[in-house]
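1. Sequence first, predicted coordinates after that:
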Amino acid sequence: MKKYLFLIVLAVMLLPVLSAQSRPRLAILPFTGGVGTDGETIAMLLGNQAELRNAFTTVPRTSNIDAIMGEQRFQRSGLTDSDTIAQLGRQMNADYVVAGHIQQLGARRLVLITIVHVESLQQIAGAYKEYTVISEIRDELPDMVRTIVAASRQDTSRLPRLAVAPFNIMLSGVTQAQAEVLTHILAIEIANSGRFAVLPRTSTIERVMQEHSIQRSGITDPANIRRIGQATNATYVLAGSIASLGPMNLFIAQRLNVQSGEQVDGGDEEYRVIEDGISKMRDLSRKLTGAAGPARGNIPANFVRVEGGTFQMGSSSGGNNDERPVRNVTVSSFHMSIHPVTQREWFEVMGTNPSHFRGDNLPVENVSWFEAIEYCNRRSLREGLTPVYRGSGNNITVDWTANGYRLPTEAEWEYAARGGNGSPRNFIYSGSNNIDEVAWFSGNSGGSTQPVGTKVPDSLGLYDMSGNVWEWCWDWYGTYPSSAQTDPRGASAGSHRVLRGGSWASSATNVRSAYRLINTPSDRSYNIGFRLVRNAQLTERKEK
């Protein structure tokens with residue numbers, strides 16, 4: 001008996017070690033640029049993020065890395081040179097490297113964070129944010145970390161490789177640093193789209209340009225495109241220039257096929273000052289990736305795929321009568337946002353903020369079901385997708401074949417809250433029987449919403465399915481049928497729509513995964529928000 005007890009104790013002691021060994025190793029480099037201690041502070045705050053430490057084994061920084069970072073070559077090209085970043089990563093025995101750069105923008109600053117896969121030299125993903133004081137970045141770091149973690153889990157090996165060449169400056173007054181910032185942000189947006197394996201500007205490209213006397217103005221020559229593509233093993237090369245358009249600057253970008261040298265996609269954006277140019281790089285990215293086949297299905301990094309399956313919907317123990325009868329429900333695969341729509345996400349699409357409790361990373365609230373539907377359609381159009389909803393008022397209809405954003409059905413919501421296919425699905429709350437672990441509710445919220453993603457996620461990686469804000473579903477409210485169903489979409493008509501999940505003001509009973517709330521679709525409240533889904537089978541198109 002003592003022998004078995006010893007083995008059990010030993011296994012428990014070794015579990016954290018074995019778990020750490022199974023995680024990829026991540027090195028966080030000291031940030032370049034900036035003023036004072038901003039870079040060091042942001043790098044340390046990033047390393048302290050719990051979700052990052054749960055996903056990676058972080059590699060301690062060594063003194064020789066600081067010495068290499070101090071060399072002029074890295075300071076000059078470190079912003080976009082993944083060769084240099086990967087070299088440092090190998091010396092630190094890391095699988096991934098996170099590198100950051102801080103650029104002064106007048107009275108404000110811009111922090112750029114990228115994650116590079118050391119072996120492939122691919123820029124997996126990135127994030128950027130303008131700020132005046134560090135506290136603004138601290139509030140944004142959870143979202144930045146989720147982008148990094150989600151991207152590291154994606155298989156990019158089959159994506160077409162896109163090499164980013166240096167852009168040509170045809171306009172006096174635009175500095176090389178400004179051109180690199182805009183080019184780097186464009187590369188971040190393309191990488192985040194999940195449509196390409198992005199290879200930022202590397203020493204390899206610079207060497208090819210030097211060997212063949214290629215000027216920046218001549219990169220788009222088909223022979224030069226082939227040289228760069230062959231040297232980097234890329235399918236496409238991204239090249240462009242900054243020119244003058246009267247009082248405006250014109251940022252021009254082209255995606256060129258390495259084999260033919262021909263332009264596949266292109267676009268341009270006007271801007272007066274660099275801050276304006278930064279805000280337009282996301283739109284330019286969409287123009288450049290329109291014909292690309294998305295390995296991640298053009299799904300944002302803060303969405304997860306929920307594999308379809310069958311579960312028992314409802315509850316037979318306690319609760320209300322409308323949670324019964326419990327029956328088998330089969331749900332098709334879909335993608336779901338990992339947290340409710342935030343105020344920042346709402347403002348980017350709608351240009352307003354109706355919320356009572358204010359904060360970029362707080363869930364948007366005080367929105368009606370109709371307004372949530374409008375957001376879905378507007379965001380779909382903004383991203384070049386087909387809107388799901390048509391009509392107005394109580395005559396709104398759904399195109400279930402459209403690839404745009406929509407509200408989850410009640411069945412999809414509960415299936416995801418219970419952990420999806422392969423989960424025990426027997427927790428009282430989403431992800432745990434311990435409400436304090438997973439939910440902001442009346443017992444711990446302090447009387448207001450809280451930043452999304454700060455509690456423990458469920459087994460799918462979904463946050464705030466229990467508590468924080470009630471979430472609108474598509475369904476008209478109705479009683480459950482007794483027979484099994486496949487992809488149910490609620491009652492055919494009604495006067496009330498369904499809400500799920502509970503809120504910061506809810507009791508523990510109302511935060512249960514099976515609990516149902518109803519409200520008229522025009523109603524707004526400080527505790528009502530929503531999250532998004534997209535159809536899984538409609539987001540996987542092939543490269544043209």
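-> Looks like it came in fine.
2. Tell me if I'm right that residue 458 and residue 417 touch.
-> Yes - using C-beta atoms under 8 Å as the test, residue 458 is close enough to residue 417 to be in contact (6.9 Å). To be clear about C-beta, it is placed using only N, CA and C from the backbone, and glycine gets the same treatment.
3. Could you tell me which residues touch both of these two?
-> 430, 465 (C-beta atoms under 8 Å, 6 or more residues apart in numbering).
4. mean confidence for stretch 430-439?
-> Per-residue pLDDT over stretch 430-439 has a mean of 94.
5. For it, which outside residues touch it?
-> Outside stretch 430-439, the residues that reach it (C-beta under 8 Å, 6+ apart) are 417-419, 427-429, 441, 443-444, 455-459, 462, 464-468, 501-502, 508, 511, 513.
6. List the buried residues of that stretch.
-> Of the residues in stretch 430-439, those with enough neighbours to count as buried (16 or more other C-beta atoms under 10 Å) are 430-432, 435, 438-439.
7. returning to that earlier point: could I have the buried ones of the contacts of stretch 430-439 as ChimeraX selection syntax?
-> With 16+ other C-beta under 10 Å as the criterion, this ChimeraX line picks the buried residues out of these:
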select :417,418,419,427,428,429,441,455,456,457,458,462,464,465,466,467,468,501,502,508,511,513
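8. circling back to that earlier point, filter the buried residues of stretch 430-439 down to just the ones in helices.
-> Counting by DSSP state H, the members of these that fall within helices are 435, 438.
9. pLDDT weak spots in the stretch 151-300 of the chain?
-> Across the stretch 151-300 of the chain, the stretches falling below the confidence threshold (pLDDT under 70) are 151-158, 171-172, 201-203, 290-298.
10. what are the ranges of the helices in it?
-> 176-192, 203-211, 222-232, 274-288 (DSSP state H, counting those that start in this stretch).
11. Would you format those helices as a markdown table with mean neighbour count included?
-> Shown next, in a markdown table, are the helices of the stretch 151-300 of the chain (neighbours: other C-beta atoms under 10 Å):
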| stretch | mean neighbour count |
| --- | --- |
| helix 176-192 | 22 |
| helix 203-211 | 16 |
| helix 222-232 | 18 |
| helix 274-288 | 19 |
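12. could you dump these to CSV with distance to residue 326?
-> As requested, the helices of the stretch 151-300 of the chain are arranged in CSV below (distance: least, C-beta to C-beta, whole Å):
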stretch, distance to residue 326
helix 176-192, 40
helix 203-211, 60
helix 222-232, 56
helix 274-288, 44
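13. wait, which of the ones you listed is closest to residue 268?
-> Smallest distance to residue 268 across the helices of the stretch 151-300 of the chain (C-beta to C-beta): 7.4 Å, for helix 274-288.
14. what's in contact with that closest one?
-> Applying C-beta under 8 Å, 6+ apart, the external contacts of helix 274-288 come out as 105-106, 108, 110, 128, 130, 178, 181-182, 185-186, 188-190, 193, 238, 249, 251, 253-255, 265-271, 383-384.
15. For residue 229, which residues are in contact?
-> Residue 229 sits next to 163, 235-237, 258-259 when contact means C-beta under 8 Å, 6+ apart.
16. same question, residue 482
-> Under the criterion of C-beta under 8 Å, 6+ apart, the contact list for residue 482 reads 325, 327.
17. can you do 6 Å?
-> Taking C-beta atoms under 6 Å, 6 or more residues apart in numbering as the definition of contact, the neighbours of residue 482 are residue 325.
18. From residue 519, how far out is residue 220?
-> Taken as C-beta to C-beta, to the nearest Å, the spacing of residue 220 relative to residue 519 amounts to 56 Å.
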